[in-house]
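Asks: one predicted model, sequence on top.
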Amino acid sequence: MEIKIFPLGPLETNCFVIVNGNKAIAIDPGGDPSRVLSFLKKTGVELERILNTHLHFDHTLGNKALADATGKQIYASNDDLVLMDTQVGRGGLMGYPEVPEFEFEHIGEGETELIGLECKIYSTPGHTPGSLTFHFPALKSAFVGDLIFRRSIGRTDFPYGCTEDLLTAVREKIFTLPAETELYAGHGPSTSVGDEINHNPYFSGVHI
């Protein structure tokens, strides 16, 4: 099992490719996916599906290209469909590219199996209404999108953002995970549950 990170697109969004054996999933292809496709071809790994933590443009710019190249389905939350009426969802914000139209299937909170690994999906709104976190216990890892960053949190000043919802989601869904769980964010370095409980300035009085 391994986790490959490909910063893609104009905001260098972290696209994660999780590999287990000869199967893989991709999370948040935020730009030209050619490096992801080269990796898959070079290693002979087959992509099974494409996941979006949320539907902001910088996490979805490469959705259609990756789906077209691999023939695989995209999954995201229907709760983020409202973003398609905004520039931060469809693109064009501050001169950034518009997102090529893509289709996706709804995925929500619950437990499933992906590439032979248990995956616990959590609804973690705040940055967007439909933000999802994908937790893989066997990897001791969770993919949190723009919910929480190292010593920081995601923005809530975009349309449909909500600071109270975000803080609640982190406390109730993220900080209840094992302390050693690695948190892979949409931008920047990874961190851990324990580190954020102890050092994130947006939270206080939280105990493992």
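Replies: All right, it came through fine.
Asks: quick one: the helices in this protein?
Replies: With DSSP state H, the ranges of helices along the chain come out as 34-43, 57-60, 63-70, 87-90, 163-169, 193-199.
Asks: for the fifth one, buried residues please.
Replies: Buried residues in helix 163-169, counting neighbours by 16 or more other Cβ atoms under 10 Å, are found at 165-167, 169. Heads up, the C-betas are built off the backbone N, CA and C, glycines and all.
Asks: please enumerate the strands of the chain.
Replies: 2-8, 13-20, 23-27, 46-51, 74-76, 105-106, 110-114, 117-123, 132-136, 141-145, 148-149, 152-153, 182-185, 191-192 (DSSP state E).
Asks: ok, which of the ones you listed comes nearest residue 175?
Replies: strand 148-149 (9.4 Å; Cβ to Cβ).
Asks: for that closest one, which strands pair with it and how are they oriented?
Replies: Paired neighbours of strand 148-149 in the sheet (DSSP bridges): strand 152-153 (antiparallel).
Asks: how far does the strand it pairs with sit from its chain's centre?
Replies: Relative to the centre of its chain, strand 152-153 is centred 15 Å away, using Cα atoms, centre = their mean, to the nearest Å.
Asks: what about that strand, average pLDDT?
Replies: Across strand 152-153, the average pLDDT comes to 96.
Asks: swap in stretch 191-202?
Replies: pLDDT averaged over stretch 191-202 gives 95.
Asks: and that stretch, what's buried?
Replies: Here stretch 191-202 shows 191-193, 195-197, 200 as buried, counting by 16+ other Cβ under 10 Å.
Asks: what's it in contact with?
Replies: In this structure, residues lying in contact with stretch 191-202 by Cβ atoms under 8 Å, 6 or more residues apart in numbering are 142, 148-153, 167, 170, 174-175, 177-183, 185, 203, 206-208.
Asks: can you check stretch 92-110 too?
Replies: Stretch 92-110 is contacted from outside by 10-11, 51-52, 57-58, 60-61, 63-65, 67, 73-79, 87, 89-91, 120-123, 132, using Cβ under 8 Å, 6+ apart.
Asks: in contact with residue 79, which residues?
Replies: 108, 123, 125, 128-130.
Asks: and the furthest pair within the residues you listed?
Replies: Maximum pairwise distance in those, criterion Cβ to Cβ, is 13.8 Å, between 108 and 128.
Asks: for those two, indicate the residue with more neighbours.
Replies: Shown here are residue 108 and residue 128; by other Cβ atoms under 10 Å, residue 128 has more neighbours (32 against 14).
Asks: so who does the closest residue to the more buried one other than its chain neighbours touch?
Replies: Sequence neighbours aside, residue 54 is the residue nearest to residue 128 in space, at 4.3 Å (criterion: Cβ to Cβ, 6 or more residues apart in numbering). By Cβ under 8 Å, 6+ apart, the contact list for residue 54 reads 76-77, 80, 83, 127-128, 130-132, 145-146.
Asks: neighbour-wise, which of the residues you listed leads?
Replies: In terms of neighbours by other Cβ under 10 Å, the contacts of residue 54 top out with residue 128 at 32 neighbours.
Asks: which residues does residue 162 contact?
Replies: Residue 162 neighbours (Cβ under 8 Å, 6+ apart): 125-126, 129, 156.
Asks: please consider this matter closed, and thank you.
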